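Novice: Just to be clear, the model below is a prediction. Sequence and coordinates:
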Amino acid sequence: MMLTRRRLIAISAALAVLPAVARANPATARLWTGQALGARASIRLVHPDGEAVAARVMAEIDRLENILSLYRPASALSRLNREGHLSAPPFELLECLSLAGAVHHASGGLFDPTVQPLWALWAQAAADGTRPDAGALERVRRKTGWDRVEMDAAAITLRPGTALTLNGIGQGYVADRVAALLEAEGLTDILVDTGELRALGGRPEGGGWPVRLETGERLGLRQRALATSAALGTTFDQAGRDGHILDPKTGMPAPARWRAVSISAPSAAIADALATAACLMPDRDAILALAGRFDGARLENSL
């Protein structure tokens, strides 16, 4: 599978407050690098207790991975997919799935975490150097659908053959949780980047965090989140033809109508899910209508 922007993750808090500040006060600058969410990650802090804060951030990410990650066989999500049932599910899994359900309903079913069996089918076909045939797609598609998921505080149950992925919302959800942790630490003017962006306040020296979108536009991000998705942002095949965002109604990859779609919202999880769903929308008006169903959400780039 091709490695792309969405798999190269930098997690930054109080990001480079000012290069001059870091140079003048090197004891306050901290850089941590390692792994998070199945990819490279880093935290840059200019803070007198930066090392301890970074450690708490990474512990939180590790805890969330043990709940939400498909890369960890013992995670709550992996166990749910494997066994079809999870008693006393973690609050974070329930919350993330509830947010996913809200976007599912608002998008007319285009955002659907139950596409995981289809995703696995495409990934296996690509590994074999082929594409799924129509019969295989239809057989697997019958195992998908949000109505095949039952959940409450006591348990989550999937119908046989159904499995979930949080790839279209999980990075944003983690960004929200990391931002909440840093805010509780008393930090302000923070940018958190987990592949999707979440800003608490703006730049310490004033103004929003400068962001250049993949379509070329620039904006200042302040006290909100930004997510970008692209039909061909990650592809199953080396030729880059079959993208990773699948239409749950057909089982086929989203058509590459636009180079990328960038949506901002107060929540990174919502922005993440909306940007993913937008790649399956037929036109700009449909994307604007979808964003309009969520308070504060808006399309940020031209299409």
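Specialist: Done, it's in. Numbers count the residues shown, from 1 in each chain.
Novice: Can you tell me the SS state at T228?
Specialist: When classified by DSSP: H, G, I helix; E, B strand; the rest coil, T228 comes out as strand.
Novice: lowest-confidence helix or strand of this structure?
Specialist: The helix or strand with the lowest mean pLDDT-type score in the chain, counting by mean pLDDT, DSSP states H and E, is helix 19-24 (a mean of 37).
Novice: Would you map the strands across the chain?
Specialist: Along the chain, counting by DSSP state E, strands occupy 29-36, 39-46, 85-87, 149-151, 155-158, 190-193, 197-200, 209-212, 218-221, 225-229, 261-265, 298-299.
Novice: Once you drop chain neighbours, what's closest to L80?
Specialist: Nearest residue to L80, sequence neighbours excluded (CB to CB, 6 or more residues apart in numbering): L86, at 4.2 Å. (C-beta placed from N, C-alpha, C; glycine too.)
Novice: partners of that neighbour in the sheet?
Specialist: Assessed by DSSP bridges, L86 has beta-bridge partners I156.
Novice: And for it, the neighbour number?
Specialist: 20 (other CB atoms under 10 Å).
Novice: What does the pLDDT read for it?
Specialist: Predicted confidence (pLDDT) at L86: the value is 98.
Novice: wait, doesn't it sit right on S78?
Specialist: No: between L86 and S78 there is no contact under CB atoms under 8 Å: 10.1 Å.
Novice: which helix in this structure runs the most residues?
Specialist: For the chain, the helix with the greatest residue count under DSSP state H is helix 50-68.
Novice: buried stuff in it?
Specialist: 50, 53-54, 57-58, 60-61, 64-68 (16 or more other CB atoms under 10 Å).
Novice: Ok, stretch 65-80 next?
Specialist: Residues of stretch 65-80 classed as buried: 65-70, 72, 75-78, 80 (neighbour count, 16+ other CB under 10 Å).
Novice: gap between the two ends of that stretch?
Specialist: 14 Å (CA to CA, to the nearest Å).
Novice: from the buried residues of helix 50-68, which is closest to K249?
Specialist: L68 (25.4 Å; CB to CB).
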